Each structure stands twice: as C-alpha cells, then as structure tokens.
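Student: Below are the sequence and a predicted model for it; my questions follow.
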Amino acid sequence: MISQQIQTITKQFPEHVQLVAVSKTHPPHVITEAYNCGVRMFGENKAQELVSKYNELPKDIQWHFIGHLQRNKVKYIAPFVSLIHGVDSYKLLSTIHKEAQKNNRIIPCLLQFHIAQESTKFGLHKDEAHELITLCRKNELNHVSIQGVMGMATYTDNTNQIREEFASLRKTFTHLKTTYFKDKPEFKHISMGMSQDYKIAIEEGSTLIRIGSTIFGERDYT
C-alpha cells in the first residue's frame with residue numbers, strides 16, 4: 001500500500017517538486033518501506049523521536065524538522081538535521097546558528113510565514129521577516145542558510161481560500177528573493193501543501209510537499 005501511494009502521488013509531481021514523507025509517530029519499519037521505494041526525505045516534529053529514528057535508520061536519509069521547534073531542543077538535532085522548515089523567530093534562528101557552529105555545520109532553514117486564518121498556526125509576518133533577515137546579516141549568523149519559505153494553509157474545504165493563501169506565500173518568496181537573495185541560488189524552496197491540498201500547492205509553486213497520512217495511513221498516537 002505504501003509503495004502504491006508513493007507512486008500515485010509522485011507521478012503527479014513536476015520535476016522540481018520533491019516529496020517529504022511525514023513519518024512522525026510511525027515506527028522505523030514503516031519508514032523503511034517508504035525508503036525502499038526510493039523516498040529519502042522524511043519529516044518529523046519531535047526532536048527526541050527524530051534522534052531515535054536517525055540512530056536506527058540509514059544515514060543517507062535527509063531528515064526534515066517540520067514542527068514548531070523549541071530552542072532548547074535544537075541541540076539534539078543540530079548534528080544531522082538536513083532542513084528545518086519552521087523558523088519563526090530571530091531567537092530560534094540564533095540558537096540554530098550557535099548549535100550548528102558547535103557541530104561545525106551550516107544548517108539549512110526555511111522561514112515560516114503565517115498565511116492561514118487560524119490563529120493557532122505559527123509563523124512570521126512580512127515585517128518580522130525583514131527584521132529577522134536584517135539581524136541575521138548584521139550579526140553574521142553564517143552557520144545557518146536561509147533557503148526559502150514555508151507555510152500552512154487554513155484547514156478548510158474552501159479551495160479558493162487555500163489557493164489564495166498559497167499564492168500569498170509564493171508572492172512573499174518572490175519578494176524576498178528579489179530583495180535579499182537575488183544572488184543566492186540556494187534560496188529556492190517553497191514548502192507548502194499536505195495530503196489534503198498538495199495539488200493546489202503544486203499549481204501555486206510549491207517545491208516541497210509534506211505528505212503523511214495519504215502515504216502511511218492515520219497516525220497512531222497511543
């Protein structure tokens with residue numbers, strides 16, 4: 001079932017779009033099934049669970065942290081994490097820089113923007129992003145690499161609203177690219193779209209799609 005779902009999903013992807021299989025709460029043997037189908041990017045949202053899976057599973061897996069990352073948990077994933085999707089404050093970015101420096105690494109990050117109408121979702125607003133980037137350059141946080149943006153649409157059946165929210169994130173990406181990252185080819189990612197809305201996200205310019213339940217089934221929280 002997992003291999004079938006992966007094939008069904010990825011054959012709809014343009015060449016520039018990549019799958020991040022959201023493996024949170026799923027055990028290593030389930031992740032191995034997806035790995036054996038060629039998936040190499042997996043998304044987790046809890047540091048301790050991520051560390052445990054990193055230690056147990058193949059080392060060519062690119063682990064993405066996709067949840068709300070607490071600063072006191074950065075040290076656990078800093079030695080190996082491939083991409084942190086949800087940077088929503090300068091304080092968090094500064095902590096990532098410090099932990100990356102300790103590990104002699106440059107950690108790729110995405111800036112998370114609040115594009116949904118739901119107040120429970122995290123994310124920056126445009127003015128906060130400008131301030132964050134300015135501080136990052138002023139204080140020479142050269143052990144982090146800002147490589148794009150991330151956002152989560154409102155959980156709704158209103159496809160027009162979802163499309164508008166994704167389009168707004170694409171506009172934010174374009175603005176930041178032309179303003180700050182014109183000469184930075186690594187600034188190329190728009191992480192948006194999940195199981196219920198990834199087709200719209202692709203149409204609106206997503207490059208990283210985070211899909212969990214459609215691949216692995218419903219999560220086991222017990």
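Tutor: Perfect, thanks for sending it. Residues are numbered from 1 along each chain as shown.
Student: what's the single longest helix in the chain?
Tutor: helix 159-179 (DSSP state H).
Student: so after that helix, what's the next helix or strand?
Tutor: For helix 159-179, the following helix or strand on the C-terminal side (DSSP states H and E) is strand 189-191.
Student: Sort out which residues of the next helix or strand after that next one are buried, please.
Tutor: Using DSSP H and E, the helix or strand that follows strand 189-191 in sequence is helix 198-203. Using 16 or more other Cβ atoms under 10 Å as the test for burial, helix 198-203 gives Tyr198, Ile200, Ala201, Ile202. For glycine as for every other residue, the C-beta is placed from the backbone atoms N, C-alpha and C.
Student: What's the separation between the second one and Thr159?
Tutor: Relative to Thr159, Ile200 is positioned 6 Å away (criterion: Cβ to Cβ, to the nearest Å).
Student: could you dump stretch 4-16 to PDB, C-alpha only?
Tutor: Presented in PDB, the C-alpha positions along stretch 4-16 are these (Å, rounded to 0.1, in the frame of the first residue of the first chain):
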ATOM      1  CA  GLN A   4       1.400   2.200  -4.300                       C
ATOM      2  CA  GLN A   5       0.600   5.500  -2.600                       C
ATOM      3  CA  ILE A   6       4.000   6.900  -3.200                       C
ATOM      4  CA  GLN A   7       3.900   6.100  -6.900                       C
ATOM      5  CA  THR A   8       0.400   7.600  -7.200                       C
ATOM      6  CA  ILE A   9       1.500  10.800  -5.600                       C
ATOM      7  CA  THR A  10       4.900  11.400  -7.100                       C
ATOM      8  CA  LYS A  11       3.900  10.700 -10.700                       C
ATOM      9  CA  GLN A  12       1.800  13.900 -10.300                       C
ATOM     10  CA  PHE A  13       4.800  15.900  -9.300                       C
ATOM     11  CA  PRO A  14       6.700  18.200 -11.800                       C
ATOM     12  CA  GLU A  15      10.400  17.600 -11.900                       C
ATOM     13  CA  HIS A  16      11.200  20.500  -9.500                       C
END
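Student: Can you tell me what sits against it?
Tutor: 19, 21, 34, 37-39, 198-199, 202, 207, 209, 211, 214-215 (Cβ atoms under 8 Å, 6 or more residues apart in numbering).
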